[in-house]
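A.B. asks: coordinates only, sequence not included:
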């Protein structure tokens, strides 16, 4: 059998080339995995980095869950507190109503000798002050949030929307108005407090029902109320209905202003 030779015919030259080639190929495969090689070093550095990232993700998830639980706990505590205070206010209001009835009876006894004209004047003043029940033909407006409205969006009924409706009803000749059975008086405020709407400093819930006695909307006269409700529907998606007929309003409570003062003539000039 003949032995392969290099071009120069040297058997040792062929062996040296074979060994040299084998060493080169083996080095190319082994070198990157040798200790201290760049590839191995990057791999070793990636492991702790992944561990750190994993720990950060776990900490973030735990913190977010704890924050959610804390917010829910705070919300539940506030809801419970509001419910307790609302019940307390209702109980006190019942006491006030009972005392008001007693005062009305005593007043009737004291004023037993008044003339019919005086009695009519007292009745008129009581009606203007909204401290007596009132009934008669009128209009009832029910308004609610847009379907699917999110908290804090303009697609929910706001205090200013109720204010606009109430002011429109006053302009149409209403002699008495109540919002969710809260009678409006000369000291009533309709205002927002967070996500709630307060009337007479009491939170009211949706849907909002505005009842008015004596408005021209109970007849055939167009008062502009329909135009206002249509605008609220077109711009914000609020849903409303209007009905006419006999309306009964509860008596209101007149609260003495704490910080009011008389505007004296010439003051500030």
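C.D. replies: Sure, I can see it. For clarity, every value in this text was computed on a predicted model and none was experimentally measured.

A.B. asks: now stretch 61-74: average pLDDT?
C.D. replies: Average pLDDT, stretch 61-74: 79.

A.B. asks: can you point out the buried residues in that stretch?
C.D. replies: Within stretch 61-74, no residue counts as buried by 16 or more other CB atoms under 10 Å. Every C-beta, even on glycine, is put in place using the N, C-alpha and C of the backbone.

A.B. asks: with stretch 100-110 instead?
C.D. replies: Counting neighbours by 16+ other CB under 10 Å, stretch 100-110 gives no buried residue.

A.B. asks: and that stretch, how far from the chain's centre?
C.D. replies: 43 Å (CA atoms, centre = their mean, to the nearest Å).

A.B. asks: stretch 145-160 now?
C.D. replies: On CA atoms, centre = their mean, the centre of stretch 145-160 falls 8 Å from the chain's centre.

A.B. asks: just the buried positions in that stretch, please.
C.D. replies: 145-146, 149, 155-159.

A.B. asks: check which helix or strand covers residue 140.
C.D. replies: Assigned by DSSP states H and E, residue 140 falls within strand 134-144.

A.B. asks: next, the buried residues of that strand.
C.D. replies: Within strand 134-144, the residues scored as buried using 16+ other CB under 10 Å are 134, 138-141, 143-144.

A.B. asks: thought residue 82 was touching residue 205?
C.D. replies: No - using CB atoms under 8 Å as the test, residue 82 is too far from residue 205 to be in contact (11.6 Å).

A.B. asks: looking at these two, which is more packed in?
C.D. replies: residue 82 (12 against 8; other CB atoms under 10 Å).

A.B. asks: let me know the secondary structure of that one.
C.D. replies: helix (DSSP: H, G, I helix; E, B strand; the rest coil).

A.B. asks: what's around the residue nearest to it when sequence neighbours are not counted, how many residues?
C.D. replies: Nearest non-adjacent residue to residue 82, counting by CB to CB, 6 or more residues apart in numbering: residue 203, 7.2 Å away. Residues within reach of residue 203, counting by other CB under 10 Å, total 16.

A.B. asks: same question for the one 4 residues further on.
C.D. replies: Around residue 207 sit 13 other residues, with neighbours defined as other CB under 10 Å.

A.B. asks: correct me, but it touches residue 156?
C.D. replies: No - counting by CB under 8 Å, residue 156 is not a contact partner of residue 207; they are 11.6 Å apart.

A.B. asks: before we move on, the earlier item: just give me the closest of the buried residues of strand 134-144 to residue 63.
C.D. replies: When the buried residues of strand 134-144 are ranked by distance to residue 63 (CB to CB), residue 144 comes first, at 37.9 Å.

A.B. asks: distance of that closest one relative to residue 200?
C.D. replies: Applying CB to CB, to the nearest Å, the value for residue 144 to residue 200 is 21 Å.

A.B. asks: for residue 123, same thing?
C.D. replies: If you go by CB to CB, the gap between residue 123 and residue 200 works out to 23 Å.

A.B. asks: got it, and residue 231?
C.D. replies: Residue 231 is 27 Å from residue 200, by CB to CB.

A.B. asks: all set, thanks.
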